[in-house]
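1. I would like to see how this sequence folds:
(chains A and B)
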Amino acid sequence: VRTVLVIAGKELRTRVAERLLVALVLVAPIVFAVLAGLAFDAIATRLPGARVVRLAVADTDDGRAGRAVAEALDAGELRRVVAVRHVAPNAVRRFVADGTVDAGLTVPAGFTTALAAGEPARLRVDADPAKPVEAATVRALADQLARRASQAGDSTERITRTWLLATFTPRWFTDASVHDRRARALDYFGPSMAIGFLFVAVGISSRSLWSERRLGLLARQLASPLSSWQVVVGTGVGGGLIGAASVAVLWLTTTLLFGARWGPFLPVAGLLLCMLIAAVALMALITGLVRSEERVEALTGLLGFGCALVGGNLVQYYRLPATIRRWSVLTPNGWAMRSIADLAGAPARWGTAGLACAVILGFATAMAVGARITLRRGLLR
Amino acid sequence: VNTAAKIVAIARAQIVGHLTDRVGAAFVFLLPIIVVSCLGAVLDGYAALDVGVVAGRDPSSAIEAALRAQPGLRVLEFHDRAALESALRKQEVVAGVVPVPPTSAERAGGARLLIDAGRPYPAGARQMVLAALDRSSLGSSGGSSAVGAAVAGGARHGTVGVQLAAQGVLVIFMLLTAIGFAGSLVTARVLGTQRRMFATPTPRWAIVTGDVFGRLVLVLVQALVIVAITSLGFGMRWGRSLDVVFGVVSFACVCVVLAELVGLLARSREQVLAIASGLAIGGGMLGGCVWPSNLVGDDLRTLGHAVPQSWVMDLLSRAQLGAAGWRTVGDALVVVAFAVPLGVLTVSLSRRRMAR
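-> I've put the predicted structure just below:
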C-alpha cells in the first residue's frame, strides 16, 4: 500500500509541475460551477411550460363576445399564462413566423353572430411547430374560452370578461404544492458535473502511463521490485485524489455561492466514491485495450461522453426518453444519477443509494478484471 | 520538390495519420452524430409536458382519459399520492392530478393539481389539465372542442430536438477536435521530430503552414460530415448554405489557431487534454452551445460574447431563421477577429520555442 501511495504522490507532483493540479482542482470547478449556477436558474424559469407564453391577439369580430375574449386573455389568472400583445389581424402570422411571439390567437369575424345563432364558436390559433408546448397551451386556452362562450347560447349579452374568466377557477379544481424550498438545477447538475470531473482527472492520469511507456519510464519502474498492479493502481489513485479534490471544491462552490443541496451527505459521498473507483477501473481498462496515446484519448472521449449522455449527466435522469433510460442501466453513470434524482424525491430512502453503490462497484470489479488481463497483453508487456 | 508540395505533403500526413485511426475517426465523426441524435431525442421529449395522475380512485378513469386526450400532455400513472409527490420532486413529472372523490356538494367529484412550488410554476401544464378536465365529465359543460387551430407551417422542418442540439454540438466538437489533435504537436516536440524537420531544407513557415492547413482540413471535413448527416438523416435545417459556410470556416480558423497556440504552450499531452475539455465545454457553456443563449439572463448573454462560440452561434441561429443576410459577414469577421491576436501570439511564441 505504501508503494501505491508513493506512486500516487509522484503522479500528484507531476500534475503540480504541469500546473494542471491548480487548473483541475481550483480553476475549472469554480468556473464551471459559477457558469452553471448563473445559467441554470434563468433557464429553469424559461423552459417550455415554465414561462409565460407570448401571444399575439387580433380581434376581427365586431361584437361583444369577441371583445370579451380578447380582454379576458389579458386579465386575472390568465396573465400568469400568457403575455398578450394586441395586433392587427394581418400581423399575427408574421409575428409568429419571425419569433416575435410564441403563438397567435384570432377572434374571427362573425364570432358573436355565430354564437347568437347557436353555431359552434371558433377561435383561430397560429403556432410555431418548433414550440409545441406553447402551441398546446394556447390551444387549451382557446378551447376553454370557446366552450365557455358557447354556454351563453343566444344570450350573448352575458358574455363579459369576468364571466369568461370564471371558467378558469372552477370550484371542483384546487391547487396544492408538495414543498416550499426553492429547488435548484444545481442540486442535480452539481453531482453530475462532479462525476464529469472525476472522469477527466482519472483519464488524464491513466493516459500518462502510455507517455511513461513511450519515454521508457514504465519499463524502468517495472524493472524494480514493483508489481505491475502497484504502478497502475498508484497512478489511478493519484488521478483519483485530484478528482476528489476537484469534487470537494465544486461541492463547496455550488453550496456556498448558489445554495445548492446535493442531497444527504453520506449517500451522495458514497455514490461519488464508488464512481471514483469505477472511473479508475474504466480508465485502467481503456489503457489496457488500446495500443497508443492517441487511442487512449479518443476512446476515453467516446466512452466518457457516451456514459454521460446515456447515464443522465447531460440531461436530468427522469427527463431522458424511456429508451435511453433503459440503456442507462448498462452504465455506472446511469445508476449514480438515478440514485441522485431519487434522493431528491425521497431523501429518507437510502436503500436506493446502497443498491446503486453495489451495482457501481460490481461494474468496477468487472472492469478491473478486464483491465488486469488487457494490461498484461498491452501496456505492461 | 517545391515548397507548396511540401506544405501539402505535411498536411496530408497529418490528415491521413488522424483519419486512418479507427478510434480517432469514431471520436471525430461518429460521436458528434450520436450526441446530436441522443440530445435531439431528449429535447423532443420537451414537446409535451409529463403529468402524473393517481389511478384507481373514483373518478380517476374519467380524469385519466381526459388527460390522455389532451394535446401537449403526456400522462404517467401512479398508484398513490406519495408516489406522485416523489415523482414531482424528482422532476419526473411537472405536475400531478389527484382525483377527489364525489361529495354531496360535487356529485361528479373533483381534482387537485399538485405542483412543486420549489420549481418554476408550470402555468402551461395547469392550463392544459384544466382544459382536459373541463371537457371531461367533471366540467360543467362537456361536449367536444370548438377550436379551429392552424399553424404557421413551414417555419422549420425536422425534429425540434435536433434543431436545438446540432449547432451547439458542431461548435463544441470542432474546437474539441482541433485542440485535442494538438497533442501531436507536443509529441513531435518531445520526440524531436519537429527539430528533425527543421533540419531539412524546408522553410520553417512551410512546416507550420502544412500543420495548420492539415488541421484546418480535418476540422472542416468534420463540420461537413456533421452538417450533411444531420441535414439528410435528421431533417436539420441549417439555413442558407453560404451563411453556414461563413460561420463554419470562420470558426474553423479560430479553432486551428487556438490549437497551434495550445500545442506550443502545453508541456504534455495531459495538459492539452485538460485545456481542450475546458475550452470546448467551458467556452461552449459561455457561448450558448450547451444551452440556448436566449434562455439565460442578459448579463450572462453579454458576457458570452467574450468568446467566439457565442458569435458563431448567433450567426448559425440567424442563418437557420433565414434572417442572416449581410450580418453574416459581420459576425464572421468578428469570429475571425478572435483569431488575429491569437495568431500573432502564436507566431511570436513559435519563433522563440521552436528555435530551442
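
2. mind giving me the packing neighbours of the helix or strand containing B:Gln222?
-> In the assignment (DSSP states H and E), B:Gln222 maps to helix B:204-234. For helix B:204-234, the packing partners by 3 or more CB pairs under 8 Å, 6 or more residues apart in numbering or on different chains; DSSP states H and E come out as helix B:3-19, helix B:31-44, helix B:160-180, helix B:193-199, helix B:241-265. C-beta here means a position set from N, CA and C on the backbone, and glycine is covered the same way.

3. quick one: is the shortest one near chain A?
-> In other words, helix B:193-199. No. Helix B:193-199 is not in contact with chain A by CB under 8 Å from any CB of the partner chain; minimum separation 12.5 Å.

4. please work out which of the helices and strands packed on helix B:204-234 is packed deepest.
-> Neighbour counts (mean count of other CB atoms under 10 Å in any protein chain shown) averaged over each of these peak at helix B:160-180, with a mean of 25.

5. so it versus helix B:3-19, what angle?
-> Using axes from the mean of the first three to the mean of the last three CA atoms, to 10 degrees, the direction of helix B:160-180 lies 120 degrees away from that of helix B:3-19.

6. what's helix B:160-180 packed up against?
-> Counting by 3+ CB pairs under 8 Å, 6+ apart, helix B:160-180 packs on helix A:293-311, helix B:31-44, helix B:204-234, helix B:241-265, helix B:269-277, helix B:283-287, helix B:308-321.

7. flag every buried residue along the third one.
-> Residues of helix B:204-234 classed as buried: B:206-220, B:222-223, B:226-227, B:229-231, B:234 (neighbour count, 16 or more other CB atoms under 10 Å in any protein chain shown).

8. then the last one?
-> Of the residues in helix B:308-321, those buried by neighbour count under the rule 16+ other CB under 10 Å are B:308-320.

9. how about A:Gly66, what does it touch?
-> Listed by CB atoms under 8 Å, 6 or more residues apart in numbering or on different chains, the contact partners of A:Gly66 are A:59-60, A:107, A:111-112.

10. the residue in the stretch 51-200 of chain A positioned nearest to chain B: what's it in contact with?
-> Relative to chain B, the nearest point of the stretch 51-200 of chain A is A:Ala136 (2.3 Å; CB to the nearest CB). For A:Ala136, the contacting residues are B:48, B:70-73, B:124, B:128, by CB under 8 Å, 6+ apart.

11. mind putting the helices and strands packed on helix B:204-234 into TSV with mean pLDDT and distance to A:Arg213?
-> Shown next, in TSV, are the helices and strands packed on helix B:204-234 (pLDDT from 0 to 100; distance: least, CB to CB, whole Å):
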stretch	mean pLDDT	distance to A:Arg213
helix B:3-19	86	20
helix B:31-44	83	26
helix B:160-180	86	20
helix B:193-199	83	18
helix B:241-265	92	22
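
12. circling back: got the angle for the helix holding B:Gln222 vs helix B:31-44?
-> Interaxial angle, helix B:204-234 versus helix B:31-44 (the same axes, to 10 degrees): 40 degrees.

13. now do helix B:204-234: distance to the chain's middle.
-> 19 Å (CA atoms, centre = their mean, to the nearest Å).

14. wait, B:Gly304 touches B:Asp314, no?
-> No. With contacts counted by CB atoms under 8 Å, B:Gly304 stays clear of B:Asp314, the gap being 9.5 Å.

15. any common contacting residues for these two?
-> The contact sets of B:Gly304 and B:Asp314 overlap at B:288, B:293 (CB under 8 Å, 6+ apart).

16. for chain B, which element, helix or strand, carries the lowest mean pLDDT?
-> Taking mean pLDDT, DSSP states H and E as the measure, chain B has strand B:148-149 as its least confident helix or strand, at a mean of 44.

17. which residue is the nearest non-sequential neighbour of the residue in the stretch 1-150 of chain B positioned nearest to chain A?
-> Using CB to the nearest CB, the closest approach of the stretch 1-150 of chain B to chain A is made by B:Gly72 at 2.3 Å. Nearest non-adjacent residue to B:Gly72, counting by CB to CB, 6 or more residues apart in numbering or on different chains: A:Ala136, 2.3 Å away.

18. A:Val92 now?
-> Leaving out its chain neighbours, the residue that sits closest to A:Val92 by CB to CB, 6+ apart is A:Gly104, at 3.6 Å.
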